[in-house]
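Undergrad: Generate coordinates for the sequence data below:
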Amino acid sequence: MKYNKSLVHHHNSSSVLLSTSNWSTMVRKRTTRLTLFLFLLLSVIAFGVFVPVFALLPSLSQSQNDQQHHPTTKSNPDNVRKFEISEDRFWKDGQPFQIIGGDLHYFRILPEYWEDRLLRAKALGLNTIQTYVPWNLHEPRAGTLNFEEWDLGGFPAWLLAIKPALTLRSSDPAFLQLVERWWGSLLPKIAPLLYGNGGPIIMVQIENEYGSYGSDKAYLHHLVSVARKHLGEEVILYTTDGGSRETIDKGTIRGDAVFSAVDFTTGDNPWPIFELQKEFNSPGKSPPLSSEFYTGWLTHWGERNAQTDADFTAASLKRILERNGSAVLYMAHGGTNFGFYNGANTGSDESDYKADLTSYDYDAPIRESGDVSNAKFKALRKAIEQYCSESLPPVPSDIEKKGYGSIHVSKTGNLFDMIHDFDVVESEIPITMKSVGQMSGFLLYVSEYNATEYDGGNIISIPKVHDRAQVFISCPSQDGHGKPTYVGTFERWVNQPLTLPNTKCPSNISLYVLVENMGRLNYGPYIFDMKGILSSVYLDGRVLRGWKMYLLPLTNLNENPKVNPIVQATESGFITMSTRKKLKPKSANARIEPAFYAGKFSISKQDKIKDTFVSLSGWGKGIVTINNFNIGRYWPLKGPQCNLYVPAPILEHGENIVVIFELQAPNPELVVHLVDQPDFTCGPRQARQSPFEGSHDKLTTLGEDYNHIDVKFIETKGLVKGCLESSFDSCFDDKAALAAADMAAAAAPTLAPPAAFIAVATFANAAIPPTSIALKATVGFIAIFYATCSFR
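TA: Numbers count the residues shown, from 1 in each chain. Okay, the predicted model is just below:
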């Protein structure tokens, strides 16, 4: 299911994970020291890195039967550091090694919490960590390397602007040239950290679930060649594909050029799939490895929060471990999609669009805020500790959280009053976001028309808009000095024409279309996901010409715009709270308009700064920043996420500034609340159920039949057309309904995520002396060093 895992995105792994200079600016300088027993297994997908940065456990004990058939050690007379595969097992320095790992993505976690999350993963029993290095986060602009289910699967959005258009994840020479440039910068930083060179990285993945996307063998061979050039001949390169003959055959290279790993739906019988895996590896070179063992699932806006049964998940993992198989938990800890990097998925076509939540909790054993006092953590730890040769470390306490109370905010600016400060591009027809250099966030399209040329209510249509467009009109000579009036909204998933009000205006009427990029697709055949208005705009069937595109430079993690509305809102004098006016629910002041609101709260120097959650109950849709850090998107009207996670390192003693960009209408009380717990109960009561939510019996049934189409490998898992058109529960009402769902699944296109990330896994053994490992983040880039960790 390679959702947005770093590893999932093949080439996108190159995506920029941590923010750029802005990240370091917003998060401020931080210094952390990690002392851990650590080895890394690095899987390099075209653009990604799988970087397990965990610490940890000793080798796992072997069963008596297993010891009878396999030697327990291999000769290593020169004590050379070596990680290898033979006799269908992993070996580290001559000792058999069972991988019990987990995904943990550094870009979804603040650097100050990296050590904490690693220690919690260690307490879970993991000896390996898997992570990604997204290309788009580290090269947000072509040629500017700063070392992102992730936006565009980790591919930089500027790839979409190249003409002629690139064929991603293929042997297209123009595409491969850019891959070589990216890897040429990234892999030399990784080479010194390979296990054989004294570092923790033991394996590098070159592609992820490519068999669910394409079958270009020349492309795969080229990736191997580039990886060998920079990393040498000794490191293990590997691919991962879904557990069917077709997907593995298309997605890997038979023989010993790469090691072929597999993944499959939690609950499937793993051992027939591991036997199939052997057919694609050289004899003796196929240790059973599920490189993505799903502990939960992601959630989209408008769905119920996905949850899976703890005992069922643990029992499924045990079926792998009890016969000496290896597994990597996806996710061990999900984290948060800060900024605009949440990403999205589609169903049967590109209009069947579903944006991911800001939270990437994933129902993982280590929750979004790091909590481990939950049934899933306990059940998985209990299952894992049976296969460890030494006792697990004690389970840490949950991090303290605090509700800082209510924050009253004031309106500090209307978007339409600020546009003259923004860069503008003019064109006869609307052009896309990437064409004007706006890679994320919002773009405001402005045109005008003469009301006398139209009779009655005018019909406006925009056949193709990605992803959500709010329409406003104004008469500059009337309407309260030309204040725009809200007309309606176009949405990618329900695009219907709008009727403009009959406005008698002596001058031309101004038309405003505010388009939001809600997250680029991170998986599947429509990943080449352009944003903005992608067609002509029609007024009563006639093409409307003469457009201005205003770039809204809202802060993303890797951006530092020259004009920042967030900063403007902070410095606008909002602190004079007497200017705050409570809005009456039906007053003219409560009209729908995109505007900025700001407020503040203080933390005493005597108090410990603690994690919190910002509740946007009563608000519409938008983004929220705290101390100029983009916490992410909120949409309580749609749900299910009500509260956004605010890690303590974002806060500071003294004054803290909250700025909200509200697209629709604010809470009438002009207030937000800082509370001490998450909440996923917002939205309509009949919110669509996530496909993998519910009883494990349903999950098992689905898993067995969906294997062949890899529905389990996409973030939209199992969102088959037939189930999308009604509540998901109805898909399981009876055998006939389930059969219909299976038929729909069989007819659905096979989807797979791009191999944009390089994955790294870390292993540790008690026999290895303590090592000080450093993770250095310079505007989003993570490198692993044996030194003190400082963030600049």
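
Undergrad: What average pLDDT does stretch 616-628 get?
TA: Taken as a whole, stretch 616-628 has a mean pLDDT of 96.

Undergrad: again with stretch 240-247
TA: pLDDT averaged over stretch 240-247 gives 96.

Undergrad: Please apply the same query to stretch 124-132.
TA: 91.

Undergrad: Repeat that for stretch 279-289.
TA: On average, stretch 279-289 scores 97.

Undergrad: Buried ones in it, by neighbour count?
TA: Across stretch 279-289, burial judged by 16 or more other C-beta atoms under 10 Å covers Phe280, Asn281, Lys285, Ser286, Pro287, Pro288, Leu289. All C-beta atoms are positioned from the backbone trio N, CA, C, and that covers glycine.

Undergrad: and the fourth one, how far is that from Leu317?
TA: I take that to be Ser286. Ser286 sits 20 Å away from Leu317, going by C-beta to C-beta, to the nearest Å.

Undergrad: Also the first one?
TA: The gap separating Phe280 from Leu317 is 24 Å, by C-beta to C-beta.

Undergrad: Report how many residues lie close to the closest residue to Gly639 other than its chain neighbours.
TA: Closest residue to Gly639 apart from its sequence neighbours, by C-beta to C-beta, 6 or more residues apart in numbering: Gly683 at 1.8 Å. Applying other C-beta atoms under 10 Å, we find 21 residues neighbouring Gly683.

Undergrad: quick one on the thing from earlier: okay, the buried residues of stretch 279-289 in TSV with distance to Pro111 and secondary structure next?
TA: Formatted as TSV, those follow (distance: C-beta to C-beta, whole Å; DSSP: H, G, I helix; E, B strand; the rest coil):
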residue	distance to Pro111	secondary structure
Phe280	38	coil
Asn281	37	strand
Lys285	37	coil
Ser286	37	coil
Pro287	33	coil
Pro288	35	coil
Leu289	29	strand
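
Undergrad: Dump the residues you listed to JSON lines, plus distance to Arg120.
TA: Below are the buried residues of stretch 279-289 laid out as JSON lines (distance: C-beta to C-beta, whole Å):
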{"residue": "Phe280", "distance to Arg120": "35"}
{"residue": "Asn281", "distance to Arg120": "33"}
{"residue": "Lys285", "distance to Arg120": "34"}
{"residue": "Ser286", "distance to Arg120": "32"}
{"residue": "Pro287", "distance to Arg120": "27"}
{"residue": "Pro288", "distance to Arg120": "27"}
{"residue": "Leu289", "distance to Arg120": "23"}
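
Undergrad: Out of the residues you listed, which is nearest to Val235?
TA: For the buried residues of stretch 279-289, the closest approach to Val235 (C-beta to C-beta) belongs to Lys285, at 14.5 Å.

Undergrad: hang on, isn't that closest one packed against Glu87?
TA: No: in this structure, Lys285 is not within contact of Glu87 by C-beta atoms under 8 Å, at 9.1 Å.

Undergrad: check which helix or strand covers Ile248.
TA: Assessed by DSSP states H and E, Ile248 sits inside helix 245-251.

Undergrad: Which helix or strand lies directly C-terminal to that helix?
TA: Downstream of helix 245-251 (by DSSP H and E), the next one is strand 259-263.

Undergrad: I'd like the mean pLDDT over that following strand, please.
TA: On average, strand 259-263 scores 97.

Undergrad: by contact count, what packs against it?
TA: Contact here means 3 or more C-beta pairs under 8 Å, 6 or more residues apart in numbering; DSSP states H and E; on that basis strand 259-263 packs against strand 236-242, helix 270-278, strand 289-294.

Undergrad: Tell me which residues touch the residue nearest to Gly639, please.
TA: Trp301, Gly302, Pro636, Leu637, Lys638, Gly639, Pro640 (C-beta atoms under 8 Å, 6 or more residues apart in numbering).

Undergrad: now, among these, which is nearest to Leu511?
TA: Closest to Leu511, out of all of the contacts of Gly683 and judged by C-beta to C-beta, is Leu637, at 25.0 Å.
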